[in-house]
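Undergrad: Give the three-dimensional model of this entry:
(2 chains)
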There are 2 protein chains.
Amino acid sequence: MLDAAERLFAEHGVGEVSNRQIGQAAGQANNFAVGYHFGTKADLVRAIVRRHTAVTEERRTRMLAQIKDPDDPRAWIACLVRPATGQLDALGVPSWRARCLAQFDTVPSLRQIVVEESVATPSMVRTLEGMFRLLPDLPEEVHRERGDMSRLLVVHTLAERERALHERPDDRHASWDATAAGLIDALAGLWLAPVTARSVPG
Amino acid sequence: MLDAAERLFAEHGVGEVSNRQIGQAAGQANNFAVGYHFGTKADLVRAIVRRHTAVTEERRTRMLAQIKDPDDPRAWIACLVRPATGQLDALGVPSWRARCLAQFDTVPSLRQIVVEESVATPSMVRTLEGMFRLLPDLPEEVHRERGDMSRLLVVHTLAERERALHERPDDRHASWDATAAGLIDALAGLWLAPVTARSVPG
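TA: Take a look at the predicted model:
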């Protein structure tokens, strides 16, 4: 049933899909099956987000233990990105997970659930601490903006890559590994970029 | 009718909205009004994208003429970003345009239309030439990846900002001007970031 929900949310958007459609797509005769198993839509979203948390946590914890140069921001950013790309790689083609998470990200209440379940984990907290320690002192507003831009960049780059693999499954010329490498360099550039002085908003 | 289409596409996604719904939302009695005026969905998308092209081109042409330091990549990146944020600012709250363009961006055939209509314009060609001239030599694949990441970052940052303004219209504490400033620094960082050597994809 979670597979069906992930696919329908990815394809149609989270506001466009009813519990009834998810139940039908999962071959449930009972129209109330989804509500019975998962309660509210928020509970269903949480169940979807949690599906791979244990594996991702384990991957990241292992990567953190193997960091060779803790003064290179990219070492920490890699721990942020590669557990996610590694998991998408393991899901094979087609997967809908990255596109489903991109849909959740557009709804503030659901985005909050994703943050609670996949950013507030022990390995992520350590990763972000390690990375932020190496950054220049940023004004609070700029720090928050760059956090938002990083999230959007990762979420939508992974979703677009997943969609391209789905629509052209033979186009393996860019691997998840290369996607991760490109994202890590881009995020390092984004966080380390000098801050232009800005006028006070009117 | 274009207003109605922009709003419906922004809220529900471009695949979820029929010509009939757009006609109804625009108060057209005739179910075929949208098809009659715009032809295919691709034609409708092109008409939406073109709505502000003339104003945006004019803004950018004026900005290009006023560049003070042509050796600063951020001067060119500003010409890329500010005509778009300035136009969204002029639309007021609520607008649906940034979210509508973000929906188009997820459909490769419609993304192509947006690129043709708003990236292949004379002022954009000059802007990109000016900017790329200042970048280190990037491998072709990295150049393409960074182009894609820049597009995703701009498109989704503007869409998320528009949604936040719509849902909390009083929250003016971050202006479109500040959004532009944050994006310009982030894009400069992204394009100037060193490229980590990557293994050949297996």
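Undergrad: only C-alpha atoms for contact and neighbour calcs from this point on.
TA: Noted.
Undergrad: where's the residue of chain A found nearest chain B, which helix or strand?
TA: For chain A, the nearest residue to chain B under the criterion CA to the nearest CA is A:Gly189, separated by 4.2 Å. Using DSSP states H and E, A:Gly189 maps to helix A:176-192.
Undergrad: re earlier: assess the claim that the residue of chain A closest to chain B and B:Leu190 are in contact.
TA: Yes - assessed by CA atoms under 8 Å, A:Gly189 is found in contact with B:Leu190 at 4.7 Å.
Undergrad: Burial check on A:Asp148, number of neighbours?
TA: Look at A:Asp148: counted by other CA atoms under 10 Å in any protein chain shown, it has 13 neighbours.
Undergrad: which helices and strands sit right next to the lowest-mean-pLDDT helix or strand in chain A?
TA: Within chain A, judged by mean pLDDT, DSSP states H and E, the helix or strand with the poorest mean is helix A:33-38; its value is a mean of 80. The contact analysis (3 or more CA pairs under 8 Å, 6 or more residues apart in numbering or on different chains; DSSP states H and E) places helix A:33-38 against helix A:19-25.
Undergrad: May I see the buried residues of the helix it packs on?
TA: Using 16 or more other CA atoms under 10 Å in any protein chain shown as the test for burial, helix A:19-25 gives A:Asn19, A:Arg20, A:Gln21, A:Ile22, A:Gly23, A:Gln24.
Undergrad: could I have the helix holding A:Gly189 exported to PDB, CA atoms only?
TA: Once non-C-alpha atoms are left out, helix A:176-192 reads as follows in PDB (Å, rounded to 0.1, in the frame of the first residue of the first chain):
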ATOM      1  CA  TRP A 176      23.500   8.400  -9.200                       C
ATOM      2  CA  ASP A 177      27.100   8.600  -8.100                       C
ATOM      3  CA  ALA A 178      27.800  11.500 -10.600                       C
ATOM      4  CA  THR A 179      24.600  13.200  -9.500                       C
ATOM      5  CA  ALA A 180      25.900  13.000  -5.900                       C
ATOM      6  CA  ALA A 181      29.300  14.400  -6.900                       C
ATOM      7  CA  GLY A 182      27.700  17.300  -8.700                       C
ATOM      8  CA  LEU A 183      25.400  18.100  -5.800                       C
ATOM      9  CA  ILE A 184      28.200  18.000  -3.200                       C
ATOM     10  CA  ASP A 185      30.400  20.500  -5.200                       C
ATOM     11  CA  ALA A 186      27.300  22.700  -5.800                       C
ATOM     12  CA  LEU A 187      26.300  22.700  -2.100                       C
ATOM     13  CA  ALA A 188      29.900  23.500  -1.000                       C
ATOM     14  CA  GLY A 189      29.900  26.500  -3.400                       C
ATOM     15  CA  LEU A 190      26.400  27.600  -2.200                       C
ATOM     16  CA  TRP A 191      27.400  27.500   1.500                       C
ATOM     17  CA  LEU A 192      30.900  29.000   1.100                       C
END
